[in-house]
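*Asks:* Sequence first, then the predicted structure, then my questions.
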Amino acid sequence: KVLLTGDWGCVRTLFGHGCFVNTLCLWGPTVYSAGEDGLIKQWDVRRQHSVGQLEGSDDLPVYSVCLTGSTKGWEAQERPDPDRLLSSGIKQEVLSWNLKSESFQRDGMGGVDDSLAVVMSPLEHAKRLNEEVERVRREVDAAITPEGKVVLEEALLEAIANAAKATRKAENFRYVRCMVQHAGLVYTAGGEDISRVWSLELGSSVGILKKVGGGVGVHAASCNPPKDLLGLCGMDGRVRIFGTADSAMHHRAAVAKREETLLDHGGELWTYDLIACQARLLLPGVTVRSLSCGAEHALLLDSNRVVWSWGSSARGQTGCGSRQAVARPTQIESLYGQGFSEGIRATKVAAGHYHSLMISTKGEAWVWGDNLKCQCGTEASSDVQHYQDELEGLRARLEQATLASASAATDDAKKKQKQQLSMISESIEQVETALAFSHCLNTPRRNGHLKAKPVVDISGGAAHSIFVTDGGLVYVCGDNARGQLGVPMDIVPKGNKEGAALVRVPMPVAEPLRPRDSPTEPLIKIVRASAGSHHSLFLSQEGRAYACGAAGEGQLGLSADAKVQHRGDVFTPQVVGSLKAHKLTSVAAGKSHSLFLSNNGQVFSTGTSDLGALGQGKSTVFHAPRPIRGLLTDQETGVAMVTREISTCGVTSFFVSSRCRAFVCGPKRHPAA
């Protein structure tokens, strides 16, 4: 404390800026200042010198800085602990710096690469939308089918309109002279006659206050949180006072509305463009029960239990009957016929990388798509021998035609032989293509090997499939090279021409889920399964997780220590021992990581997080499950929300909270997001 009596005097002078200082803000003994040199300096008034520095304004003047933090406590009129610092100036943007970044905490130095959390600017938003226009335009030029081109042209027109609207708004954006935070929102003002309201959660503007600078601009701003007052000093020499209670409520409602865009439409299918930050209704009038995404296709189950598919059909994975890509969600006609009034209804769909699975209302398992490694669990196509015989005959004809062409005496004869050679070569190419995809199932087919076993859960991996029956038994088929089927190699059926590691038709997983030699003994009842790229997870009725398959990247979570690697692939399901104390309700397997959800809403992750899939905030490998701290936090109250659903798609993880809000972690621009 410094007790001042009599004359007020300067108690501390801080040296080191070397230029005109435009702005500063304080928090306890810490001072942040910025000026004409474009640097933001951190001071400790007890030391009289700079103790930290943020660099990232391209040597352009910084006019204003502002501290912000968690929104927890705003309703109680408490000041939040700051974890971010906002800066603005001559550049037409607001920068949000992460004061908790590892480098800034360690040595007090921060730059755009390690401490800059987000850039907020209408110009940046318009730039992203214009980049999206160019991307869609390239897709239009590359469109293969007329139908696909029509769909993409519609998307292009919509993208152009959105970009033009954003560009018009951005043209009026000027420098930011001042800013203040109130009720979790940030108000900025400067060279415009408006004050923009920003959401740090969305990283964009959520509204404006008009006519705040007398038609000229705003020079300074201040806020009185207890009275909900915002004061703006206009360049016309007048001070204007605004009541922020109503406006804050309005803008926070706008934030909530944008966050819940995908959730308030009663089961409608929406697509979300991460670049344009916009949602678009895809199937008006169709209520969605569930979705599943593969590597290049997607499956949808609607409220009438009708299956839709779209995406690549190169390996028959959409079930449309051809290898032409399906540009929009389309009902699978072979399941329902032309009228769609009758047919096979489904209870669940699951997409593997390049194959598809479905459970009918009768508990039957249906499969289609890539079957090269027997992941569909059906016998090889009878067309293979037909194509091979046809190809052999065509090659013999080609050899004869080549000899005839060489001995042709006249020009007419040579021309005729050349045409015949071209026709035969074209036929050979067509048959070779058909033979290459002869293992694929282009339309849904019932798996007869599971006919007497009602199926309740399914999951597809890169090249394997899992079927869970109502009795708790697990059947698997496909590639077992890494042990992902949970079947020891010594009991894999022999005689596979394609390779010794393939299980051609569904077979039960034995130890420890079912004793190998005593099938009548009590077994571990499995209620849910999830197939990753090369590993599998099983959830028992008691709430325990079992894992098998590739273990090199920690995706099985079988080690007792998160830093100790489990050696070798695992060919029989093993219990995830570190989670025995928790009752689990869900499991999800990704490319090289796994998620586990407990009955109290806590989420655990294990595996590789190089691309952020684990949600652990760092790039590393964990060989045992670790809880994700502060996973779902309500941005308004700061209170952690309960997770009720988890899922994965490749290297991306998804979480749904008890308040029906969706969260995602992984690569920022991964297609699955």
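*Replies:* Received it, and whenever you're ready, just let me know what you need.
*Asks:* Now Val505. Nearest residue, chain neighbours left out?
*Replies:* Nearest non-adjacent residue to Val505, counting by Cβ to Cβ, 6 or more residues apart in numbering: His449, 4.6 Å away. For the C-beta atoms, the positions are set from N, CA and C on the backbone; glycine is no exception.
*Asks:* residues near the one you found, how many?
*Replies:* 18 (other Cβ atoms under 10 Å).
*Asks:* Hmm, Val587 is touching Ser530, no?
*Replies:* Yes. With contact defined as Cβ atoms under 8 Å, Val587 and Ser530 form a contacting pair (5.1 Å).
*Asks:* Touching both of these two, which residues are there?
*Replies:* Common contacts of Val587 and Ser530, defined by Cβ atoms under 8 Å, 6 or more residues apart in numbering, comprise Leu537.
*Asks:* Which SSE is immediately downstream of the helix or strand Gln388 falls within?
*Replies:* Using DSSP states H and E, Gln388 maps to helix 383-406. Tracing the chain past helix 383-406, the next element assigned as helix or strand by DSSP H and E is helix 411-436.
*Asks:* for that next one, packing partners?
*Replies:* Judged by 3 or more Cβ pairs under 8 Å, 6 or more residues apart in numbering; DSSP states H and E, helix 411-436 is in contact with helix 383-406.
*Asks:* chain center to the helix it packs on: distance?
*Replies:* 49 Å (Cα atoms, centre = their mean, to the nearest Å).
*Asks:* Give the other helices and strands that that helix contacts.
*Replies:* helix 411-436.
*Asks:* Number of residues surrounding Gly234?
*Replies:* Residues lying near Gly234 (other Cβ under 10 Å) number 20.
*Asks:* tell me which residues in stretch 402-409 are buried?
*Replies:* Neighbour-count burial for stretch 402-409 flags Ser405 (criterion: 16 or more other Cβ atoms under 10 Å).
*Asks:* typed the wrong thing, it's stretch 439-455
*Replies:* Buried residues in stretch 439-455 (16+ other Cβ under 10 Å): 439-447, 449-450, 453, 455.
*Asks:* mean confidence score for stretch 285-304?
*Replies:* Averaging pLDDT along stretch 285-304 yields 88.
*Asks:* Check stretch 186-198 too.
*Replies:* When pLDDT is averaged along stretch 186-198, the result is 81.
*Asks:* One more: stretch 466-480?
*Replies:* Stretch 466-480 comes out at a mean pLDDT of 92.
*Asks:* residues near Phe604, how many?
*Replies:* Neighbour count for Phe604, taken as other Cβ under 10 Å: 25.
*Asks:* Next one: it, what pLDDT does it get?
*Replies:* Here, the pLDDT recorded for Phe604 equals 92.
*Asks:* What's the separation between the closest residue to Val176 other than its chain neighbours and Thr469?
*Replies:* Closest residue in space to Val176, ignoring its immediate chain neighbours: Ser88 at 3.5 Å, by Cβ to Cβ, 6+ apart. For Ser88, the distance to Thr469 equals 61 Å [Cβ to Cβ, to the nearest Å].
*Asks:* among the buried residues of stretch 439-455, which are in strands?
*Replies:* 441-446, 455 (DSSP state E).
*Asks:* Same list (the residues you listed) but as a markdown table, adding pLDDT.
*Replies:* Putting those into a markdown table (pLDDT from 0 to 100) gives the following:
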| residue | pLDDT |
| --- | --- |
| Leu441 | 89 |
| Asn442 | 88 |
| Thr443 | 90 |
| Pro444 | 93 |
| Arg445 | 91 |
| Arg446 | 91 |
| Val455 | 93 |
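*Asks:* Dump those residues to JSON lines, plus distance to Gly52.
*Replies:* Output for these, formatted as JSON lines (distance: Cβ to Cβ, whole Å):
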{"residue": "Leu441", "distance to Gly52": "62"}
{"residue": "Asn442", "distance to Gly52": "63"}
{"residue": "Thr443", "distance to Gly52": "64"}
{"residue": "Pro444", "distance to Gly52": "62"}
{"residue": "Arg445", "distance to Gly52": "65"}
{"residue": "Arg446", "distance to Gly52": "66"}
{"residue": "Val455", "distance to Gly52": "60"}
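*Asks:* Which of those sits closest to Ser195?
*Replies:* Pro444 (57.6 Å; Cβ to Cβ).
*Asks:* Please report how far the closest one lies from Arg315.
*Replies:* Remark: distance between Pro444 and Arg315 (Cβ to Cβ) = 14 Å.
*Asks:* cool, Val492 as well?
*Replies:* 24 Å.
*Asks:* got it, and Arg137?
*Replies:* From Arg137 to Arg315 the distance is 29 Å (Cβ to Cβ).
*Asks:* Between those two, point out the one with more neighbours.
*Replies:* Neighbours per residue, other Cβ under 10 Å: of Arg137 and Arg315, the larger number sits with Arg315, 24 against 15.
*Asks:* for that one, phi and psi?
*Replies:* With angles defined as degrees, to the nearest 10, Arg315 sits at phi -120, psi 20.
*Asks:* Surely it touches Phe437?
*Replies:* Yes. Using Cβ under 8 Å, Arg315 makes contact with Phe437 at a distance of 6.7 Å.
*Asks:* For this protein, which element, helix or strand, carries the lowest mean pLDDT?
*Replies:* For the chain, using mean pLDDT, DSSP states H and E, the weakest element among its helices and strands is helix 244-259, scoring a mean of 59.
*Asks:* Without its sequence neighbours, what residue ends up closest to Lys211?
*Replies:* In space, and not counting its chain neighbours, Lys211 is closest to Asp193: 6.1 Å by Cβ to Cβ, 6+ apart.
*Asks:* Glu132 and Ile628: what is the separation?
*Replies:* Distance from Glu132 to Ile628, by Cβ to Cβ: 31 Å.
*Asks:* Over to Tyr175?
*Replies:* 40 Å.
*Asks:* for Leu441, same thing?
*Replies:* 38 Å.
*Asks:* One more: His49?
*Replies:* Here His49 is placed at a distance of 40 Å from Ile628 (Cβ to Cβ).
*Asks:* which of those two has more neighbours?
*Replies:* Applying other Cβ under 10 Å to His49 and Ile628 shows that Ile628 carries more neighbours, namely 20 against 10.
*Asks:* how about the strands in the stretch 201-350 of the chain?
*Replies:* Using DSSP state E, counting those that start in this stretch, the strands of the stretch 201-350 of the chain run over 204-210, 218-224, 229-234, 239-243, 270-273, 278-281, 288-293, 297-302, 307-311, 326-331, 346-351.
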